[in-house]
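# Next one to model:
(3 chains)
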Amino acid sequence: MRSSVRSGEMAKLTQLIDNEVFRAYATYTAIVLLKMMLMSLITVYFRITRKAFVNPEDTASFGKGESAKKYLRTDTDVERVRRGHLNDLENIVPFLGIGLLYALSGPELYTALLHFRIFAGARIAHTFAYLIPLPQPCRGLSWAVGYAVTISMAYKVLKTVLYL
Amino acid sequence: MRSSVRSGEMAKLTQLIDNEVFRAYATYTAIVLLKMMLMSLITVYFRITRKAFVNPEDTASFGKGESAKKYLRTDTDVERVRRGHLNDLENIVPFLGIGLLYALSGPELYTALLHFRIFAGARIAHTFAYLIPLPQPCRGLSWAVGYAVTISMAYKVLKTVLYL
Amino acid sequence: MRSSVRSGEMAKLTQLIDNEVFRAYATYTAIVLLKMMLMSLITVYFRITRKAFVNPEDTASFGKGESAKKYLRTDTDVERVRRGHLNDLENIVPFLGIGLLYALSGPELYTALLHFRIFAGARIAHTFAYLIPLPQPCRGLSWAVGYAVTISMAYKVLKTVLYL
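Below you'll find the predicted structure:
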């Protein structure tokens, strides 16, 4: 039934998503974005178990006045997850944009997979290194690996398309 | 005149933008990104009306020394808008990436519109819930709805394109 | 050799990247994302030179106990770079999404280049204005110019594709 409603245009779009490099980009992008979204759930989990909130309306269920106010505080575990989340934003946003352009710049499938897999692995390792936390340079190295992969893709993009 | 300068390649690009699912994605993405950008203006508005700044150069017009220094402070309203802005970033970035891949994965137009409309509605509701602020669970629920829609799109993307 | 492994699909993808407007989008997007990534390196540089860290594991190499603990502090230069980085995220994410849709909406090459160049120039000027720092309204103006360019592109996108 699905194919019966597909117009010619839809078929063309499907060609994009059927391209192996683009499928690999789509897979790893979905994975790292889902991983980043997981940080929200971990933040909520720590906020509730540590009873550490930032908005007064979030503590209303704990009672009124001073009894609720004491839960408006920062907690080191919550702040750690939030820093990990912000670091994800700072690094996954460039991957999202540069990775898309890279996937469209006609790289070899093998090379593209290598870039995407290393980036996703590095970001997952970074999250473990940040949240456990592992001693340095674990977190620093995993960050640097993801950073270097993104620079490598940006180099390929600019080499292929440069139009100033 | 515009059509006369269109090359064959441009026509192909236009086919992408003429696809109904892609047009819906483009429309709702533009809407949620503009809504996110609005948070910057609201922050500026509160910084000026509350006289709460963070950079010394921003308070220079209030005079020199102590008279200007007192405006380098945090304000609960400004911080609230900034938290809403960051929450937008954390949730709209995944929508931007996963939504694009979803739009290219050949969903039914009806299903796609449902996803995009609910996401945009949930994020607009989230902003009102955060800024008014409404009592919980208004903000929590609107956040969760947008989150669930993004997960649903990611599931469709991974089911369609998985290439590890 | 590279062309020999190109399938018909790959050729189609390449047509996208060969389109001049899309190439311009790819070039300026890569530039502003690399500029944003540079903020991470500048943060690391200031954290090390100012000896101002936030994670206890980052100061372990300075010794144990109180001797290391004193480096867990905020520094005005580090915080300034971090604010610039967050401002980049808040403004470059909308450019990433709206710029892509704009590039696909069939603008004139001249108009598109004008938008992309002004945005990239404004964000680079914004970084200098923030980090030096230059007196206001330098930072405010450079921010507003990038903001206005993004609004202009969003208007073109919505005018071309609106599908609610």
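
# neighbouring contacts of stretch A:56-63?
A:47, A:51, A:53, A:68-69, A:71-72, B:133-136, B:139 (Cβ atoms under 8 Å, 6 or more residues apart in numbering or on different chains). For the C-beta atoms, the positions are set from N, CA and C on the backbone; glycine is no exception.

# Mind doing that once more with 10 Å?
A:47-48, A:51-53, A:67-73, B:76, B:80, B:129-130, B:132-140 (Cβ atoms under 10 Å, 6 or more residues apart in numbering or on different chains).

# Can you name the residue of chain A nearest to chain B?
Chain B sits closest to A:R23 of chain A, with a gap of 4.0 Å, by Cβ to the nearest Cβ.

# which residues does that residue contact?
A:16-17, A:103, A:109, B:101, B:105, B:157, B:160-164 are the contacts of A:R23 under Cβ under 10 Å, 6+ apart.

# and of those residues, the nearest to chain C?
Closest to chain C, out of all of the contacts of A:R23 and judged by Cβ to the nearest Cβ, is A:L16, at 6.9 Å.

# on that earlier part again, what residues of the helix or strand harbouring the residue of chain A closest to chain B count as buried?
For A:R23, the host element (DSSP states H and E) is helix A:20-49. Neighbour counts over helix A:20-49 (16 or more other Cβ atoms under 10 Å in any protein chain shown) mark A:21-37, A:39-40, A:42-43, A:46-47 as buried.

# can you pull out the helices in chain A?
A:8-18, A:20-49, A:66-69, A:76-104, A:109-131, A:138-161 (DSSP state H).

# okay, and the helix or strand of chain A with the least pLDDT?
Every helix and strand in chain A was compared by mean pLDDT, DSSP states H and E; the lowest is helix A:8-18, with a mean of 57.

# Show me the shaky parts of chain A.
Scanning chain A for pLDDT under 70 picks out the ranges A:1-15.

# can you do 80?
A:1-18, A:63-67 (pLDDT under 80).

# Count the residues that sit near the closest residue to A:V21 other than its chain neighbours.
Residue nearest to A:V21 in three dimensions, not counting chain neighbours: A:A112, with 4.7 Å by Cβ to Cβ, 6 or more residues apart in numbering or on different chains. Residue crowding around A:A112 was assessed by other Cβ atoms under 10 Å in any protein chain shown; the count is 23.

# contacting residues for A:A112?
With Cβ under 10 Å, 6+ apart, A:A112 has these contacts: A:20-22, A:24-25, A:28, A:99, A:102-103, A:105-106, A:153, A:156.

# next one: A:P133
A:P133 neighbours (Cβ under 10 Å, 6+ apart): A:80, A:84, A:139, C:55-58.

# Ignoring the adjacent residues along the chain, who's closest to A:I31?
Closest residue to A:I31 apart from its sequence neighbours, by Cβ to Cβ, 6+ apart: A:A120 at 5.4 Å.

# now the one you found: how far from A:V32?
5 Å (Cβ to Cβ, to the nearest Å).

# Give me the common contacts of these two.
By Cβ under 10 Å, 6+ apart, the residues touching both A:A120 and A:V32 are A:92, A:95, A:146.

# contacting residues for the last one?
Meaning A:G146. A:32, A:87-88, A:91-92, A:94-95, A:118-126.

# circling back: and the residue nearest to A:V21, how far from chain C?
Using Cβ to the nearest Cβ, to the nearest Å, A:A112 is found at 11 Å from chain C.

# Over to A:K156?
From A:K156 to chain C the distance is 10 Å (Cβ to the nearest Cβ).

# That residue and A:V149 touch, don't they?
No - counting by Cβ atoms under 10 Å, A:K156 stays clear of A:V149, with 11.0 Å between them.

# With neighbour numbers in mind, choose between those two.
Set side by side, A:K156 and A:V149 show more neighbours around A:V149, with 24 against 20, by other Cβ under 10 Å.

# Assess the claim that the more buried one and A:L113 are in contact.
No - between A:V149 and A:L113 there is no contact, the gap being 11.9 Å when judged by Cβ under 10 Å.

# what about stretch A:85-103, distance to the chain center?
Mean C-alpha position of stretch A:85-103 versus that of the full chain (Cα atoms, centre = their mean, to the nearest Å) differs by 7 Å.

# what do you get for stretch A:20-40?
With Cα atoms, centre = their mean, you get 7 Å for stretch A:20-40.
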